[in-house]
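**Q** next comes the sequence, and after it the predicted model I'd like to discuss.
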Amino acid sequence: MIDAIDQFMISHTTITNITVAVCVWIFGLPVLRILLECLVCFLFSEDIPASKACIPARLPHPNPAGSAVLFEVPLKRATDDQICAFMQFRGLEEWSGLDAVVYEAAAYKGELYEQRTMKWIDDHFRRKLPNLQYPYVARHWNGWSSFWLETAPQIRKMCIASLILTVEHLVTGLILPAMYLRSKKVVFFDMSMYGEIGFQMVSCAHILASFYLERDVTIEQMHKAVWPLLLVHHICTIFLCVLSLSLGDSCPREGVCQFLFALLGLTSTLHYLGQIMDFSPISQANTPYLRMANHLFTLVAMIWFRCIYWVKISFFTIEHAAQNSGNTTAVLVALVLLLFSAFNFDFVKFHLKATRGCWKKIVAMSKSA
């Protein structure tokens with residue numbers, strides 16, 4: 001199989017190979033999304049026992065920024081009047097048994113978190129307001145078994161998007177580069193480059209379609225204010241990958257693999273895994289010390305790979321571009337790396353704030369205990 005792929009790429013032009021990679025992602029992304037949605041739904045959608053669910057005493061339930069205000073009334077202790085008031089608030093005049101009440105309570109709980117999250121995203125990315133309180137998901141009633149039932153539609157889309165990006169980053173930024181370093185077979189390096197180019201092109205197309213349709217159909221499922229930055233990021237990534245392929249055997253493939261490890265395989269993957277954790281039963285509210293450990297590990301990785309080691313990678317890349325492609329290309333590479341440096345700064349700043357916020361949350365929880 002690998003030999004056949006190698007022969008195909010060798011016998012066809014770069015444009016043809018890129019076209020094939022784009023087609024693979026065009027057809028592969030919907031399949032991957034459906035598979036992930038089905039897998040998550042199958043694993044994490046068990047019925048929540050009524051003994052673990054609660055309903056709000058006040059309607060509508062208060063939903064301030066920051067941490068969730070927990071529902072006050074355990075369902076098993078709720079009066080018929082309280083249950084009827086809640087279900088009527090949810091728009092239901094008739095229902096059958098407590099299972100329907102549990103389902104509506106879980107859905108409402110998820111909707112409240114989604115409202116806080118989307119408001120924070122808008123305030124942060126569009127309005128650029130300072131000193132915002134990060135929205136923390138409430139503790140899940142039934143752990144992993146049922147957390148998908150407590151997850152609202154837009155948060156589900158964001159979670160699946162993070163899973164898709166994690167899979168892509170692991171394949172093109174870790175697995176294929178590692179296979180090249182282990183075997184020294186150029187086919188694995190080329191598959192990584194073409195795979196990344198194809199994915200970024202398809203992602204660009206989704207962003208442009210979102211602008212045209214005026215609704216979010218992006219792969220990343222991020223705020224509209226971020227779309228232009230994503231577009232620039234993807235175009236810069238395509239440029240670097242095409243440049244690496246154009247150099248042929250003059251390309252420092254080991255150095256490019258280190259570049260991929262630093263940006264895709266490790267730090268970006270940790271970032272998206274962190275987003276998934278924030279939605280899940282290993283979030284701040286569920287497992288604060290585990291989340292803190294993840295924050296610290298991610299922050300250290302960000303500082304090392306996107307700050308300290310990044311300087312070495314940048315100088316190495318610019319120097320090699322000047323030697324093999326001339327000063328003009330070297331200047332373009334330097335500008336692209338400067339843009340990536342700005343992205344790196346934002347990544348590190350975000351995770352520094354997140355780590356501080358997590359620690360403050362733990363301290364506050366300890367004092368209130």
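**A** Structure received. Numbering: from 1, shown residues only.
**Q** can you give me the helices in this protein?
**A** 2-11, 14-43, 80-89, 97-121, 153-170, 176-183, 186-213, 227-246, 253-260, 269-279, 288-303, 309-325, 327-368 (DSSP state H).
**Q** go through the second one and flag the buried ones.
**A** Spelled out, it's helix 14-43. Buried positions in helix 14-43, judged by neighbour count with 16 or more other CB atoms under 10 Å: 17, 18, 21, 22, 25, 29, 32, 33, 36, 37, 40. (C-beta placed from N, C-alpha, C; glycine too.)
**Q** how far away is the second one from residue 251?
**A** I take that to be residue 18. As defined by CB to CB, to the nearest Å, residue 18 lies at a distance of 16 Å from residue 251.
**Q** now the fourth one
**A** Relative to residue 251, residue 22 is positioned 22 Å away (criterion: CB to CB).
**Q** so, low pLDDT: which residues of this protein?
**A** In the predicted model of the chain, residues 369 satisfy pLDDT under 70.
**Q** rerun at 80
**A** The chain contains residues with pLDDT under 80 at 365, 367-369.
**Q** could you find the closest non-adjacent residue to residue 115?
**A** In this structure, residue 115 finds its nearest non-sequential neighbour in residue 63, 6.0 Å apart by CB to CB, 6 or more residues apart in numbering.
**Q** isn't the one you found up against residue 110?
**A** No. At 12.0 Å, residue 63 does not count as touching residue 110 under the criterion of CB atoms under 8 Å.
**Q** those two: which is more packed in?
**A** Shown here are residue 63 and residue 110; by other CB atoms under 10 Å, residue 110 has more neighbours (23 against 14).
**Q** need the contact list for residue 18.
**A** Applying CB atoms under 8 Å, 6 or more residues apart in numbering to residue 18 gives the contacts 194, 197, 198, 201.
**Q** any chance of the residues you listed in CSV with distance to residue 350 as columns?
**A** Shown next, in CSV, are the contacts of residue 18 (distance: CB to CB, whole Å):
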residue, distance to residue 350
194, 30
197, 27
198, 28
201, 26
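**Q** quick one on the thing from earlier: and residue 130, which of the helices of the chain is closest to it?
**A** Nearest to residue 130, of all these, is helix 327-368, at 11.1 Å by CB to CB.
**Q** got the phi and psi for residue 59?
**A** The phi/psi pair for residue 59 (degrees, to the nearest 10) reads phi -130, psi 120.
**Q** wouldn't it be in contact with residue 87 here?
**A** No. With contact defined as CB under 8 Å, residue 59 does not count as touching residue 87 (10.5 Å).
**Q** higher neighbour count, the two?
**A** residue 87 (18 against 13).
**Q** find the nearest non-adjacent residue to the more buried one, please.
**A** Using CB to CB, 6+ apart, the closest residue to residue 87 is residue 95 (5.7 Å).
**Q** if I pick residue 244, what's in contact with it?
**A** Here residue 244 is in contact with 193, 251, 253, 256 (CB under 8 Å, 6+ apart).
**Q** and it, how far is that from residue 197?
**A** Distance, residue 244 to residue 197, using CB to CB: 10 Å.
**Q** list the contacts of stretch 337-344.
**A** 229, 232, 233, 236, 263, 302, 306, 307, 310, 314, 317, 318.
**Q** only the buried subset of those residues, as a PyMOL command please.
**A** To isolate the buried ones among the contacts of stretch 337-344 in PyMOL, judged by 16+ other CB under 10 Å, type:
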select buried, resi 233+236+263+302+306+310+314+317+318
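**Q** out of the contacts of stretch 337-344, flag the one nearest to residue 364.
**A** Taking CB to CB as the measure, residue 364 lies nearest residue 302 of the contacts of stretch 337-344, at 24.8 Å.
**Q** please tell me how far the closest one sits from residue 363.
**A** For residue 302 relative to residue 363 (CB to CB), the value is 23 Å.
**Q** residue 225 now?
**A** When distance is defined by CB to CB, residue 225 is 32 Å away from residue 363.
**Q** of these two, which one has the most company?
**A** When neighbours are counted by other CB under 10 Å, residue 225 and residue 363 differ, and residue 225 comes out ahead with 14 against 10.
**Q** contact partners for that one?
**A** By CB under 8 Å, 6+ apart, the neighbours of residue 225 are 125, 126.
**Q** CSV for the buried residues of helix 14-43, including distance to residue 332?
**A** What follows is the buried residues of helix 14-43, written out as CSV (distance: CB to CB, whole Å):
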residue, distance to residue 332
17, 22
18, 19
21, 23
22, 23
25, 25
29, 29
32, 33
33, 34
36, 36
37, 40
40, 41
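**Q** what number of residues lie near the closest residue to residue 190 other than its chain neighbours?
**A** Sequence neighbours aside, residue 9 is the residue nearest to residue 190 in space, at 5.5 Å (criterion: CB to CB, 6+ apart). By other CB under 10 Å, the residues close to residue 9 number 20.
**Q** now residue 211
**A** Neighbours around residue 211, by other CB under 10 Å: 14.
**Q** you'd agree it is up against residue 228?
**A** No. Using CB under 8 Å, residue 211 is not in contact with residue 228, being 9.1 Å away.
**Q** ok, the residue lying closest to residue 223 once chain neighbours are set aside - how many residues close by?
**A** In space, residue 223 comes closest to residue 125 once its chain neighbours are excluded; the distance is 4.3 Å by CB to CB, 6+ apart. Close neighbours of residue 125, defined as other CB under 10 Å, add up to 14.
**Q** contacting residues for residue 125?
**A** 222, 223, 225, 226.
**Q** most widely separated two among these?
**A** The distance between the two most remote of those (CB to CB) is 8.6 Å, for 222 and 225.
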